[in-house]
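Undergrad: Fold the following and give me the result.
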Amino acid sequence: MCAWIEENLVHAEGDYLGEPFLLEPWQQRIVWRLYAYDPQTRRRLVRRALFVMPKGCGKTELTAAIGLAELAGPVVLDAQASRPLPVRRKAPNIPVGAASFEQADRLYGAARVMATNENSGLAPFVEAYDTEMLLAGGELGRMFRVAAEAGTNDGGLPTCFLADEVHEWVGRKARVHLVISNSLAKRQDSLEVNISTPDDADPQSLLGTLVAYGQRVNSGEVDDPSFVFEHWSAGDPADPDGYDLHDPQQLRAAIRAATPAGWVDVDRVASKLEVDGIPDHEFRRYWLAQFVSGSGAWLPVKAWQELAVDREVPAGSEVVLGFDGSYNGDSTALVGVALGEVPHVFVVDEWERPVDQHGRPRPGYESWKVPREEVKAKVAWAFDRWQVREMACDPPGWHKEIEEWAEEFGDPPVIEFRTNQPTKMAPACSKFYKAVRFGLMTHDGDPRLARHLRNARTKETADGAYITKDGRNSPRKIDLAVGAVIAFDRATSPELSRRSEPWVAVW
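TA: Numbering: from 1, shown residues only. Next up is the predicted model:
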């Protein structure tokens, strides 16, 4: 099988487009494991596989090569017998799936280029279209794209199922994976190949359940030679003797330990953390293939503490205000950012229902509501004390007041900042995180803001990560954190920033 791949397939889009697909040792290992046969029954040993590794290792392209071998690969003759080993199935049927059409296109698109490029030895034997590839000459055989987001269960009678980025198959998408996977039982010697980077360590997710089972198989707790689990990573992130990512040498050692691919530029990967400043948990997941909880604390606590300064914002200073309001059972926050070369974040005020040590309302505060008149008075006070260049408000529950403020304070403007829009909130959170990480701001050391920042958790979306509470009904508030993020985002916007260079250039 390795020989067939190297002789017939070429690399897909990238630096090696059209060049022969030469397998590295770790890729050969995967192929060897997938194509092991029982010498007695002459049946395939492995029926399901899960490969977890960092980004940039070419796992999608390798999976595409395996799919093409299943579609149009060789029939291998056993030198000791006349019966061929069934590498290539009769009427192969190969759904190529992912959580979204875009992701499914990456895997199917790689297979299409590898098969049809002018340098490919497979080109005369297939007919490739946008969403499916057929065997030429009327022979039955099909590879086709499916996406879980469409809710499709079109698996037909699959002989091989390729599932890309399994960590994204969540909710009802996991059901689609189950339906196609179960359909494999209808065909003899069928194969399921799952590939992924880690998810946020949710044990109930599709990836979480596959990993848990694979770990039991690898430990010998479960005897199942039909399941293969390979995981390349920098080890357990909770290991106290693990890598210190803020030590340049240990960071690079961690990258080398996690990365099987010989072509990966270790220094360039390290720059994702050292220069780009992506959050540690994201770097560990995507570049070290470690299972870490995205629900962990958002900001590095020590980095935040080191930015505290004893500074008063004098009357008349130019500031931007960030407002995150609620009605009852939550809190309302008003945060300021003083403009300057180094923006200074400070708490104007915060209104939060008093709770006991268990997060329950204190006696007499069960029906507590945000004192709106106090909030309105504090906003008026802030506009009177400082030159408020802008006030950005998260509008739910406060539309009437925001309209009144816009009418009263109209110039400078009062604007809406909808924090429930990932396209808006994710970049703002990223900017705030990097400013903390690289020391590009100061703050007043207010313990309430520090607490709300510690409470903030991250939610991953297609538009990026943004902060959220750790549960819909959680007593741990984050409103000051939200107010700080939106105030800082607007204060560092090109039209308001007081830096000699625009903030946008930093990010």
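Undergrad: In the stretch 251-400 of the chain, where is pLDDT below threshold?
TA: Low-confidence segments of the stretch 251-400 of the chain (pLDDT under 70): 293-297, 327-330, 355-360.
Undergrad: could you pull out the strands for it?
TA: Shown for the stretch 251-400 of the chain, the strands assigned by DSSP state E, counting those that start in this stretch span residues 318-324, 331-338, 344-352, 387-394.
Undergrad: Of those, which is nearest H443?
TA: Among these, strand 344-352 comes nearest to H443, with 4.1 Å by Cβ to Cβ. For every residue, glycine as well, the C-beta is placed using N, CA and C.
Undergrad: any weak-confidence spans in the chain?
TA: Using pLDDT under 70, the chain drops low at 75-88, 149-155, 201, 238-240, 293-297, 327-330, 355-360, 411, 472-473, 498-507.
Undergrad: can you list the domain ranges for it.
TA: Following automatic domain parsing, one gets these domains for the chain: 2-231, 248-293, 302-506.
Undergrad: dump the residue contacts of the closest residue to R48 other than its chain neighbours.
TA: Distances taken as Cβ to Cβ, 6 or more residues apart in numbering put E192 closest to R48, at 4.6 Å, once the chain neighbours are dropped. By Cβ atoms under 8 Å, 6 or more residues apart in numbering, E192 lies in contact with 47-49, 160-161, 163, 181, 184.
Undergrad: next SSE after the helix or strand hosting E192?
TA: With elements taken from DSSP states H and E, the one containing E192 is strand 191-196. Note on strand 191-196: by DSSP H and E, the next helix or strand toward the C-terminus is helix 206-219.
Undergrad: what's the angle from that next one to strand 191-196?
TA: Here the directions of helix 206-219 and strand 191-196 differ by 110 degrees (axes from the mean of the first three to the mean of the last three Cα atoms, to 10 degrees).
Undergrad: Give the partner strands of the next helix or strand after helix 206-219 in its sheet and their orientations.
TA: As assigned by DSSP H and E, the chain's next helix or strand after helix 206-219 is strand 227-231. Strand pairing for strand 227-231, using DSSP bridges, gives strand 48-52 (parallel).
Undergrad: helices or strands up against the helix or strand just after the strand it pairs with?
TA: Next helix or strand after strand 48-52 toward the C-terminus (DSSP H and E): helix 59-72. Counting contacts by 3 or more Cβ pairs under 8 Å, 6 or more residues apart in numbering; DSSP states H and E, helix 59-72 packs against helix 2-8, helix 25-34, strand 93-98, helix 101-116, strand 132-135, strand 142-147, strand 160-163, strand 191-196.
Undergrad: hmm, back to that, hmm, which two among the contacts of E192 are most spread apart?
TA: For these, the farthest-apart pair by Cβ to Cβ is R47 and A163; their separation is 13.8 Å.
Undergrad: out of the two, which sits in the busier spot?
TA: A163 (29 against 18; other Cβ atoms under 10 Å).
Undergrad: returning to that earlier point: could I get the domains of the chain as JSON lines with distance to G242?
TA: Output for the domains of the chain, formatted as JSON lines (distance: least, Cβ to Cβ, whole Å):
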{"stretch": "domain 2-231", "distance to G242": "15"}
{"stretch": "domain 248-293", "distance to G242": "8"}
{"stretch": "domain 302-506", "distance to G242": "18"}
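Undergrad: D241: which of these is closest?
TA: Among those, domain 248-293 sits nearest to D241 (Cβ to Cβ), with 11.1 Å.
Undergrad: Measure how far that closest one is from the centre of its chain, please.
TA: 14 Å (Cα atoms, centre = their mean, to the nearest Å).
Undergrad: now swap in stretch 184-198 and tell me
TA: 23 Å.
Undergrad: how far does stretch 299-315 sit from the chain's center?
TA: Distance, centroid of stretch 299-315 to centroid of chain: 29 Å (Cα atoms, centre = their mean).
Undergrad: Let's see it as CSV, backbone CA atoms only.
TA: C-alpha atoms of stretch 299-315 as CSV (Å, rounded to 0.1, in the frame of the first residue of the first chain):
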residue,chain,number,x,y,z
LEU,A,299,-6.4,35.4,31.2
PRO,A,300,-3.0,34.5,32.7
VAL,A,301,-3.6,35.7,36.3
LYS,A,302,0.0,36.7,37.0
ALA,A,303,0.2,38.7,33.7
TRP,A,304,-2.9,40.7,34.7
GLN,A,305,-1.7,41.4,38.2
GLU,A,306,1.6,42.7,37.0
LEU,A,307,-0.2,45.5,35.0
ALA,A,308,-1.8,47.1,38.0
VAL,A,309,-0.7,50.7,38.8
ASP,A,310,-1.8,53.2,41.4
ARG,A,311,-3.1,55.9,39.1
GLU,A,312,-6.1,58.2,39.3
VAL,A,313,-7.8,59.3,36.1
PRO,A,314,-8.0,63.1,36.5
ALA,A,315,-11.2,65.1,35.7
